[in-house]
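Peer 1: Sequence and predicted model, in that order:
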Amino acid sequence: MKLLIFTVLALFVMFGAGSASAQSAEMSGSDISKYAYDATSEFVLKLNQDVAVTDDIIMRFSNVTSDSRCPSDVTCIWQGEIRIQIDVKKGNTAFESIVLGTDDEIPIFGKYFIKLLKVEPYPQSTHQIHQDEYVTTLAITKINKVLSPLQQFKSGISIDKIQCKESLQLVIRASDDSPACVKPETKAKLIERGWAY
């Protein structure tokens, strides 16, 4: 009897581990695991409305820059798109503008992704939408892992806003103005040698 229980337990552990490793392999191939997301917060904004999306980040829906979506009562070859302007600021800094299209996902301040989920109302051929009618639904997602300085830079974050992991400091490579994060003692040596500033 003991042998039977032991065999059943061993099979359970083997199949459980196999299932877990298969799930892990499946997740590692997805975009989501690449950035190790925290929970996502969704929120709705009217035009020119401000909202504190985290303790230190304020966001404002400031403009619809274009709306070429196909009206719901018309058949179109192309569904069209909408693009909106969001102004974002962290702490006491000035607002920075970001233009988002539907399903765009853009990193902000090196620690969050902002994504445009939808914009209402949806166009109809019989009604011209006025700017003050627009309402947008956005999502902000915290990234557990800080993106590399180069990833932050390539995503559109200005060099002075690039964040380094704790205990590292930002330097700019002199030859091509690309950012890097290094230890404080390394930073001094690189600047002394003219490799960075």
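Peer 2: Sure thing, it's come through.

Peer 1: contacts, neighbours, all on C-alpha from now
Peer 2: OK.

Peer 1: my guess is residue 45 contacts residue 136, does it?
Peer 2: Yes. Counting by Cα atoms under 8 Å, residue 136 is a contact partner of residue 45 at 5.3 Å.

Peer 1: Which neighbours do these two have in common?
Peer 2: residue 61 (Cα atoms under 8 Å, 6 or more residues apart in numbering).

Peer 1: can you map out the strands along the protein?
Peer 2: The residue ranges that make up the strands of the chain, judged by DSSP state E, are 37-46, 50-52, 57-67, 82-90, 96-101, 105-108, 112-120, 135-143, 169-172, 179-182.

Peer 1: can you give me the offset of the second one from its chain's centre?
Peer 2: Centroid displacement of strand 50-52 relative to its chain, using Cα atoms, centre = their mean, to the nearest Å, is 18 Å.

Peer 1: list the contacts for residue 170?
Peer 2: Counting by Cα under 8 Å, 6+ apart, residue 170 makes contact with 162-164, 179-182.

Peer 1: what's the answer for residue 132, then?
Peer 2: With contacts taken as Cα under 8 Å, 6+ apart, residue 132 has the following neighbours: 46-47.

Peer 1: Find me the pLDDT at it, would you?
Peer 2: Per-residue confidence for residue 132 comes out at a pLDDT of 91.

Peer 1: Now do residue 125 against residue 99, distance only.
Peer 2: Distance from residue 125 to residue 99, counting by Cα to Cα, to the nearest Å: 26 Å.

Peer 1: the more surrounded of these two?
Peer 2: Higher neighbour count among residue 125 and residue 99: residue 99, with 15 against 10, using other Cα atoms under 10 Å.

Peer 1: so the more buried one touches residue 66, yeah?
Peer 2: No. In this structure, residue 99 is not within contact of residue 66 by Cα under 8 Å, at 10.3 Å.

Peer 1: so what's in contact with these two at the same time?
Peer 2: 83-84.

Peer 1: For this protein, name the helix or strand with the lowest mean pLDDT.
Peer 2: Here the helix or strand of the chain ranked lowest by mean pLDDT, DSSP states H and E is helix 31-35, holding a mean of 33.

Peer 1: Most neighbours among the contacts of residue 170, please name it.
Peer 2: The member of the contacts of residue 170 that has the most neighbours, counting by other Cα under 10 Å, is residue 162 with 24 neighbours.

Peer 1: which ones are touching that one?
Peer 2: Residue 162 is in contact with 109-110, 149, 152-153, 170, counting by Cα under 8 Å, 6+ apart.

Peer 1: Kindly recompute the last result at 10 Å.
Peer 2: Residues touching residue 162, when contacts are defined by Cα atoms under 10 Å, 6 or more residues apart in numbering, comprise 108-111, 146-153, 156, 170, 179-181.

Peer 1: what does residue 48 give?
Peer 2: Contacts for residue 48 were tallied using Cα under 10 Å, 6+ apart; they are 59-63, 86-87, 132.

Peer 1: I'd like these written out as a markdown table, with distance to residue 193 added.
Peer 2: Output for the contacts of residue 48, formatted as a markdown table (distance: Cα to Cα, whole Å):
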| residue | distance to residue 193 |
| --- | --- |
| 59 | 42 |
| 60 | 44 |
| 61 | 46 |
| 62 | 46 |
| 63 | 47 |
| 86 | 41 |
| 87 | 40 |
| 132 | 56 |
